[in-house]
Structure formats: structure tokens, C-alpha cells
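S.K.: let me see the structure of the following:
(one chain, ligands or ions: 1)
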Amino acid sequence: MSPVTNDHQTGLLAQAQRIADEFNLGPEDVQRVTSHFVRQMRDGLVNHRAWQLPSFVRSVPTGAEKGTFLAVDLGGSNCRICLVHLRGDSTFTVTQSSHRVPAGVMVCQSYKPLFDFMAGKIADFLAENSAAYTKDYDSIHEQRATPYRLGFTFSFTCDQTSLASGTLIRWDKGWDIPEAVGRDPCVMLQEAIDKLGLPVLVTVLANDSVGTLLTRSYTAGSSTLAAVIFGTGTNAAYVEKLSNIKRPGTAKGGAGQIMVINTEWGCLDDNMEVLPRTVYDDYLDMESTDPGSQMFEKRISGMYLGELLRLVLVQLVQGGAFEMIIDKESPLFQRQGIDSSFLSELATAGSKDYSESLVLVESQLSAKGVTINDVRAIQLLSAAIVRRAARLAGASLAAIIIQSGRLEPLSAQLKCPDARIAEREASETTDTPISSIQRFRQKLSLLWHRFIKMFARLNRSKSSSGGILPQYSRHDESNPEKSIIDIGADGSLFELYPTFEDDMRGALQEVQEIGPAGERRVRIGLAKDGSGVGAALMAQAAFEMEKRGEQ
Ligand code: GLC
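M.R.: Below you'll find the predicted structure:
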């Protein structure tokens, strides 16, 4: 270990900085991503696409919902079996068991091993836990013969056809079970449950983003606009006006009616029109189970950030840039060998005292003789990768906020980018001289972009001079402003990475239609493991509809 900076190591830091700069996402890039996403979201509301998927959820919880329901939450890596008791006062209790999904069932020709695995875990869970809940469950569901109603959270892209059915469009996050594509996850799960003769009825299908939105709304007791997931994968769901949803096959709705939309934002801009790309992104995509798909997700989510860092480090190691000696068997040389939790731990350990970070690098990378500059270089690269992810996340959240119309009083003065382009084109193609209002708007737009550029320069110099990240204003609870835009969030990246939310908010501020004033209205609250509870909330809503004879 050597605290002395020699030439070799100065070279390392310079190389690391050069690579880190490739991950820089400027304010103009953020605006471009937001504008493009708004256009794609609007397109997905009127055309049949693999994004903007209707969830058939027509209302959000108020907090008064009651009942006990089973839920199965199949995420990117784990499967949880939950018995959720909704108390009707915005609180709930959950009894759950969590299981790592074996790699052999994630990638498999047949769908049966996966669904048999889940049914087996439901059987074990019921054997262990049902006694405690039977009394409560029976009083709600009236008779012992009634099966348990189960909400199924299935965190993959499904074209939903009703609250209780849908077809799997494709796998992602490294999963690949070809036989399941085009089939209904509820039917596959019910089939496996019936094979074991369990008293369980699968009554609803939920995407995890939709489930998280419902949970946040239930617990916050407020009308939540959206939920965002930054876990193994990334996605968001939001509340859309039913009258805006014109996809073929979706019911028409009157004024005031809503539907929750599963954006599947992970696949936005798969054509790579606006997303940033480095050689590392390209290599990661090429090596993935689904090249050319989920390009946004591949720059944001936990499944990929560790891998991006690994690819960069391997290149530096091969070029002899580090002082440390890395074991041949190191996870650094294995695909997916670095978990994104390493990036969070490095950021949390910080730079005040390097001893913690040194130990972390030594143990995670099986390295010997790690120097402070080795650690500095890794931290610099790791921070740049996550910062780009957080800023892209901010850009896409901005798109949802703009599309939702929640900013309308403010954005009525600052028209959306599409409108501005149309307006400019109109003024260029007509003979009518542009009005003073148009001129004023153009000036405003110019000033805004100058301000953003200045802000970015300031930002860059701050972070390169001492690693001080800008502190963006969080929502002020004491602010009497009523027009809060409530967002639920889940996923370890959001929860554990110390500057993820701040960087996301920084990008929100830079989007012209949002600005610092709009960003201040955004309240983001953690809805941890909200997807399972959300499925129970959906099962509760379906049960109420059934009782009213609506289903
Ligand atoms: C992937 C899935 C999506 C899910 C997200 C988060 O993007 O396609 O359905 O919501 O991961 O788990």
C-alpha cells in the first residue's frame, strides 16, 4: 500500500478521468432524452407498442382498503411469498418468505420448472403460516371453503388484457424461458398450483411498478402520481387520463376517469436515437441475453451497473494501469462478477478515510497491494457510471411528470418541446412576421439553455475539484405548497446509493418544463418491497368488484 503518488499512478487517475468523462451526461443530453421519451410515451398511448401498457387498474387506493390476501412477487432475482393484511388505516402487516430463484429455472426451455418452483414455495409457506391468519382470512372471505385469493406480481413485460390476464411479451434482466413467451403468467402459475392441489386462486396480475404505485398511494394516503423501480431492472408506472389512452382494445373513458399505465420505460429508445453510448455499453449489450433490447435499462439498473464498472476495470487492468495485483480467479474476470451493491458500498465508504474502501476493493476484487490511487480511480469511475444512471432516471421521470399534465399551470407558459418545434417550424414556413410573444418565448428558451450550460460548467468544476456533489433541494415538508407531486420509489440503487436521488433531482431541475420550481414540488418516498403489497391491493380491488357483481 503506498500513499505516495508516483507517475504510474498519476497516469491511472488521468486515464480514469478520461473514461469517467465519457459517462458525462450534460443538461442538453438530459433535455433530449426527456423530449424523446415524452414523444414515445404519447405514441405508445395511441399505438400498440411494447411500452405504455394499460394495467386495467382504474383507481388508486385511499388507505381505507381492508383484507388479507396472498401475493407472489417474482422480481429479477428473488421470489417472495407474502400474506398481506391490509388494516384499512394506511398500514399493513406482511408475513413473507423470500427465495433466490435458481439460475437453472431462469434460463430454461420449459416454463414448468419456474412455476413449479413458485407453487412449491407457496405450499411450504401455507403449511408454515396459514394457521395464524386463518381466522382473520375466514372472517373476511366468509367461508372456509373459499380459496385464498392471490395477487401475482410478475416483473417482466406483459401485454395485459384484463386485471387478471396478460401475455408475456419477452424476458429481460438475463432471464430466458422461450416456452413462456406468448403465454399468460396467471394461467401458468394456476396450473402449477392446481398440480399440488392448493386452495389458492390467482386473481390478478400486476407489474411490480404498478404494485409499488398502489402501495405508495395506500401508505401515503395521498394521490400518488407515479412509482419508479431501480432494482435489478428499472421501470415506472403512472396515473394517466383514460381519455388519453387510445390504443386499440382499450376501453374509452369519460372525463375524470384514470388508468394506471405500466410504462416499461426500460425499452424506451431501443433504436438509440438519444441515449448516450460508450464502448462499454456496446460490449455489455452484445454479451447480454437480449442484444438490442432494454437499452435504457442497460444504462440504469442494478443488473448492469456493476457489469459496466467491471468492463471498464478489466480494460484498465489489461493495460497495466493499476498498482494492485489481481488474482486470476477474481470475480473481476467473470461475467456479472461485480454486483452493483459494490458501487453503493464504495460510495458510502467515501473518501475521507480510505481504509474502509481499501478493504472493500481487496475483498471484492480478490486484489493484493491495493493503493489509495487504485481506490480513487475505481471510485471515480463507479461514481461516473452511477451518476449517469441517476441523471437518465431524472430525465425519464421528467417525461412522466410532463405527460401527466400535473405541471400544467406552470407549463402553460413554457410549452412542451413538441409544441415549440411545431411553433418554430410554423414561423419559418409562413410569411407572417413572428409576434413579439414568440420572440419573447425564443429569448426565454435561449436564456434557459445558457443558464443550464453555466450550471453544468459549475457542476463539473465542483465535482472534479474535490468530489463535492451538488446538493439539490429536497422537498421541504414545512412548505405549505399544496401541489405536491407524490412519487413512490423502490429498489436497492435508489435506497442505498447515497447521491442517487440528488443526481436524479439535478436532472429534473435541468429539464426546461420542470425547472427548479417544478422539482421542488416533487416528493419521492420509499415504498420498500411495495410490489407484493400492491398485488394484494389489486386482489382486494378485484374481490370488491366481484362482490358487487362487476366481474
Ligand atoms: C424489467 C421488466 C419490467 C419490470 C422492471 C423492474 O424492465 O421488463 O416489467 O417492471 O424490470 O423490475
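
S.K.: helix or strand: which one has the closest residue to residue 151 other than its chain neighbours?
M.R.: Spatial nearest neighbour of residue 151, excluding adjacent residues (Cβ to Cβ, 6 or more residues apart in numbering): residue 535 at 3.0 Å. The way it works is simple: take the backbone N, C-alpha and C, and place the C-beta from them, glycine included. Taking DSSP states H and E as the criterion, the element that holds residue 535 is helix 530-547.

S.K.: name the helices or strands packed onto that helix?
M.R.: Judged by 3 or more Cβ pairs under 8 Å, 6 or more residues apart in numbering; DSSP states H and E, helix 530-547 is in contact with strand 66-74, strand 78-87, strand 92-100, strand 148-154, strand 200-206, helix 208-220, strand 485-490.

S.K.: with respect to burial, which of those scores highest?
M.R.: Most buried of the helices and strands packed on helix 530-547, by mean neighbour count (mean count of other Cβ atoms under 10 Å): helix 208-220, with a mean of 29.

S.K.: thinking again about what came up before, which one of the helices and strands packed on helix 530-547 lies closest to residue 33?
M.R.: strand 485-490 (18.0 Å; Cβ to Cβ).

S.K.: state the mean pLDDT of the helix or strand following the closest one.
M.R.: Heading C-terminal from strand 485-490, the first helix or strand you meet, by DSSP H and E, is helix 492-496. Taken as a whole, helix 492-496 has an average pLDDT of 94.

S.K.: ok and the next helix or strand after helix 492-496 relative to strand 485-490, angle-wise?
M.R.: Counting by DSSP H and E, the next helix or strand C-terminal to helix 492-496 is helix 500-510. Relative orientation of helix 500-510 and strand 485-490, computed by axes from the mean of the first three to the mean of the last three Cα atoms, to 10 degrees: 150 degrees.

S.K.: show me what counts as buried in the helix holding residue 535.
M.R.: 530-543 (16 or more other Cβ atoms under 10 Å).

S.K.: could you export it as CSV, CA atoms only?
M.R.: Provided in CSV are the C-alpha atoms of helix 530-547 (Å, rounded to 0.1, in the frame of the first residue of the first chain):
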residue,chain,number,x,y,z
GLY,A,530,-44.1,-2.3,-2.4
SER,A,531,-44.7,-4.7,-5.3
GLY,A,532,-46.1,-7.6,-3.1
VAL,A,533,-48.4,-5.4,-1.1
GLY,A,534,-49.5,-3.8,-4.3
ALA,A,535,-50.6,-7.2,-5.7
ALA,A,536,-52.6,-7.7,-2.5
LEU,A,537,-54.2,-4.3,-3.0
MET,A,538,-55.2,-5.3,-6.6
ALA,A,539,-56.5,-8.7,-5.3
GLN,A,540,-58.6,-6.7,-2.8
ALA,A,541,-60.0,-4.4,-5.5
ALA,A,542,-60.9,-7.4,-7.7
PHE,A,543,-62.6,-9.1,-4.7
GLU,A,544,-64.7,-5.9,-4.1
MET,A,545,-65.6,-5.8,-7.8
GLU,A,546,-66.6,-9.4,-7.7
LYS,A,547,-68.8,-8.9,-4.6
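
S.K.: close to the ligand, is it?
M.R.: No. Using Cβ under 6 Å from any ligand atom, we find that helix 530-547 stays clear of the ligand, coming within 8.0 Å at best.

S.K.: and the angle from that helix to strand 200-206?
M.R.: 110 degrees.

S.K.: any idea how far helix 530-547 is from the chain center?
M.R.: 22 Å (Cα atoms, centre = their mean, to the nearest Å).

S.K.: any idea how far the closest residue to residue 367 other than its chain neighbours lies from the ligand?
M.R.: Closest residue to residue 367 in three dimensions, ignoring its sequence neighbours and counting by Cβ to Cβ, 6+ apart: residue 324, at 4.4 Å. The gap separating residue 324 from the ligand is 35 Å, by Cβ to the nearest ligand atom, to the nearest Å.

S.K.: which residues touch residue 324?
M.R.: 361, 365, 367, 368, 369, 370, 371, 374 (Cβ atoms under 8 Å, 6 or more residues apart in numbering).

S.K.: and stretch 365-375, which residues are buried?
M.R.: Those buried within stretch 365-375 under the rule 16+ other Cβ under 10 Å are 365, 366, 367, 370, 371, 372, 373, 374, 375.

S.K.: in strands, which of those fall?
M.R.: residue 367 (DSSP state E).

S.K.: reformat the buried residues of stretch 365-375 as CSV; add pLDDT.
M.R.: Output for these, formatted as CSV (pLDDT from 0 to 100):
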residue, pLDDT
365, 96
366, 96
367, 96
370, 96
371, 95
372, 93
373, 94
374, 96
375, 95
